[in-house]
Structure formats: C-alpha cells, structure tokens
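*Asks:* Pasted the sequence and its predicted model underneath.
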Amino acid sequence: MTATLIDGKAFAAGLRERIAGHTAAMKERGITPGLAVVLVGEDPASQVYVRSKGKQTRETGMNSFEHRLPTDTPEAELLALIEQLNEDPSVNGILVQLPLPGHMDEAAVINAIRPEKDVDGFHILNVGRLATGQKSMVPCTPLGSLMLLRDHLGSLSGKSAVVIGRSNIVGKPMAQLLLRDSATVTIAHSRTQNLPDLCRGADILVAAVGRPHFVKGDWIKPGATVIDVGINRTDDGLVGDVDFAAASQVAGAITPVPGGVGPMTIACLLANTLTATARANGLPDPEGLTP
Ligand SMILES: Nc1nc2c(c(=O)[nH]1)N[C@@H](CN(C=O)c1ccc(C(=O)N[C@@H](CCC(=O)O)C(=O)O)cc1)CN2
C-alpha cells in the first residue's frame, strides 16, 4: 500500500473530545445540550447506530433522549412525537433514524422537524440554505468527509472533485460543500457515461454509491484523495464502495471502511447538536464544528 490512510476513527475521537470540552463549558453556564433520536422499527443496522448515538451523546456530557416506536406505528403518531420534541426546550436536536418503514412519507417526517433542531440537516430549509451559502445545519456524513479532506489537503480550492452518488443524504450535500470550498465539482451516478475516465481526472474522489467495491483501482488518478462513504455488509464483512486493496496502490490518501467516514457521522451529529444548542441560546457557533 502506498496511500496514506485517513484515520476517521482517530479524527472522530479527537472531535468528540473537543465537543466534550465545549459541552462542559456550556454546562457551566447552566445549558445542557439535548439530542433526541427516534427509531421506528427494528432494522438491525439502525438499532446499532441508534445505540451508538445514545452512548456517544452521553459520553460527551449531553442529554440523550431515545424514542423507539414499533414498525407499524401510524405516521400521524410519529408526527405527534416530533411536534412534542419541537416544543420541548430541553431538546436541542432531533434525529429520525433512516430508513423509515415503507408506509411513511420520509420527506413529510423530516420536514416536520423544526429546522433549527434538524441536526441531520435534511429539512428542506436547511437544504436550501446550504445550497445558497446561508448558515444552515449541515448533513453529518458530508460534513465529516469535508473535515477529513480539509485536514488532509488543507485548501480544496481549484481541485477537481468527482462525487459518485446523488442521494439527498450524502451525494448532493457533499457536492455543495466541495463547491463552497471552491473545488470544481462533478456529480456522477449510475447513468454517467465513461465513469472510469471521469474519475481518472479527479484530485478528490468521493464514492457514495452503495455498491461494494464499485470503484476500481485503475479509476483512480495517481496521488488522488479518495473518500469512501460506502458501508456494504457482504459475506466478507463490511466493505466500502472502493476496491481498497487496488485503490490504495494508486491513491495519495484513502479512507478505510470501517474506520474512515463512518465514525465521523456520529461525531458530526454531536457537533451539530452543540451548534444547534449554541444558536438556540444566542451564543456564537462553537469553533471548528461548522463548515
Ligand atoms: N437520520 C439519519 N439516518 C441515517 C444516517 C444519518 O446520517 N442520519 N446515516 C446512515 C447510518 N449512520 C448513522 O445514522 C451511520 C453509519 C455508519 C456509522 C459507522 O460508524 N460506521 C462504522 C462501522 C460500524 C459497523 O460496524 O456497522 C465505520 O464505518 O467504521 C455510523 C453511523 C443511514 N441512516
């Protein structure tokens, strides 16, 4: 392997330490940040993520409120819970774990969260604010990826970036953040023609396509920085969207799976909760936690 390993697990641990410091300072002023996480159903991966979110929230000194609802919960009941959390002053951040059961309208549920408590950054107002360069809540996985990129590369200005994937959770906001840092951004997807050639021109390659080992080693520009957002459970265990063994012979730097972008997602959720708490209390945004 010739590429530098971008250690998201270590970076996330450092970020959580800084968040714990900010949280302790807030608590001295009588303010305790609170994060409410809502899980509908019993998806095994979601249960693991929600458990980790609660644990890490408590470890950083924040209040954690967990709400678990059965799979067949009527949407109206979930919306009523969100309304209750919107009104609760001890709750600064609200997250509804995705995916939701099929009978629920994801957009309606997300948009029921008060935008200033939308620590996922998925509410339509936060999406619009991010796209227009206004102060917003920023989706956690792209925010974490941006932090890793900046830490490794410094300035992203003028770099050529290709984002593979156009989801609302990762691909689109990732492209917005890269653009905001003055990278030249292309969003690619399953219908993009000549994808390997397109990727070969990228200084920064973000793979968020949800297919194991989709990006091959010979798609990578020598020396490029590769961010693998994929989390694919296979018979060989958890693998990313990038063929790591091959890509790490060509790339300049690469995130592993596990231990790359994944741990940054929850750390950035805590960062967003702290930012939401600061804003709710008329305090400046804590340093280094927002783009
Ligand atoms: N409301 C949301 N739902 C979902 C989001 C989200 O940001 N908001 N993202 C994903 C899942 N997710 C957090 O919810 C998440 C995914 C992965 C990890 C992580 O730490 N991954 C580890 C591996 C953990 C494992 O063994 O499974 C890693 O990559 O090292 C944390 C959070 C979908 N839903």
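*Replies:* Yep, that arrived. Numbering: from 1, shown residues only.
*Asks:* Next, please give the residue ranges for the helices of the stretch 1-150 of the chain.
*Replies:* 8-28, 44-59, 75-87, 106-111, 124-131, 140-153 (DSSP state H, counting those that start in this stretch).
*Asks:* got TSV for the ones you listed, with mean pLDDT and mean neighbour count too?
*Replies:* C-beta coordinates here come from the backbone N, C-alpha and C atoms, glycine included. Output for the helices of the stretch 1-150 of the chain, formatted as TSV (pLDDT from 0 to 100; neighbours: other Cβ atoms under 10 Å):
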stretch	mean pLDDT	mean neighbour count
helix 8-28	98	17
helix 44-59	98	16
helix 75-87	98	15
helix 106-111	98	16
helix 124-131	98	18
helix 140-153	98	23
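*Asks:* now those as JSON lines including distance to the ligand?
*Replies:* Output for these, formatted as JSON lines (distance: least, Cβ to the nearest ligand atom, whole Å):
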{"stretch": "helix 8-28", "distance to the ligand": "7"}
{"stretch": "helix 44-59", "distance to the ligand": "4"}
{"stretch": "helix 75-87", "distance to the ligand": "13"}
{"stretch": "helix 106-111", "distance to the ligand": "8"}
{"stretch": "helix 124-131", "distance to the ligand": "13"}
{"stretch": "helix 140-153", "distance to the ligand": "5"}
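*Asks:* how about the residues of the protein that lie near the ligand?
*Replies:* By the rule Cβ under 6 Å from any ligand atom, the part of the chain lying against the ligand is 48-49, 95-98, 120, 140-141, 231, 238, 257-259, 262-263, 265-266.
*Asks:* For whichever residue of the stretch 151-291 of the chain sits closest to the ligand, give me phi and psi.
*Replies:* Nearest to the ligand in the stretch 151-291 of the chain, going by Cβ to the nearest ligand atom, is G262, at a distance of 2.0 Å. With angles defined as degrees, to the nearest 10, G262 sits at phi -50, psi -60.
*Asks:* Distance check, it against V185.
*Replies:* 23 Å (Cβ to Cβ, to the nearest Å).
*Asks:* would you list every one of the strands in the chain?
*Replies:* 4-5, 34-40, 63-69, 93-96, 160-164, 184-188, 204-207, 225-228, 232-234, 237-239, 253-254 (DSSP state E).
*Asks:* On the pLDDT front, check M1 for me.
*Replies:* M1 is assigned 69 on the pLDDT scale.
*Asks:* In contact with the residue nearest to T186 when sequence neighbours are not counted: list those residues for me.
*Replies:* Closest residue to T186 apart from its sequence neighbours, by Cβ to Cβ, 6 or more residues apart in numbering: V162 at 5.0 Å. Residues in contact with V162 (Cβ atoms under 8 Å, 6 or more residues apart in numbering) are 185-186, 188, 198-199, 201-202, 204-206.
*Asks:* same deal with D72?
*Replies:* Taking Cβ under 8 Å, 6+ apart, one finds 101, 103 in contact with D72.
*Asks:* what do you get for C140?
*Replies:* Going by Cβ under 8 Å, 6+ apart, the list of residues near C140 reads 119-121, 264-266, 268-269, 272.
*Asks:* ok, it to V226 distance?
*Replies:* Distance from C140 to V226, by Cβ to Cβ: 20 Å.
*Asks:* which regions of this protein lie under the pLDDT threshold?
*Replies:* Residues of the chain meeting the criterion pLDDT under 70: 1.
*Asks:* now the helices of the stretch 1-150 of the chain in TSV, with distance to K221?
*Replies:* Below are these laid out as TSV (distance: least, Cβ to Cβ, whole Å):
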stretch	distance to K221
helix 8-28	22
helix 44-59	32
helix 75-87	44
helix 106-111	36
helix 124-131	27
helix 140-153	14
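*Asks:* closest to F244 out of the ones you listed?
*Replies:* Of all the helices of the stretch 1-150 of the chain, the one in closest proximity to F244, counting by Cβ to Cβ, is helix 8-28 (13.5 Å).
*Asks:* the inter-axis angle of that closest one versus helix 140-153?
*Replies:* For helix 8-28 against helix 140-153, the angle by axes from the mean of the first three to the mean of the last three Cα atoms, to 10 degrees is 110 degrees.
*Asks:* Now do the contacts for the residue in the stretch 51-200 of the chain that the ligand sits nearest to.
*Replies:* Nearest residue of the stretch 51-200 of the chain to the ligand (Cβ to the nearest ligand atom) works out as L98 at 3.6 Å. Each residue near L98 by Cβ under 8 Å, 6+ apart is listed here: 46, 106, 169.
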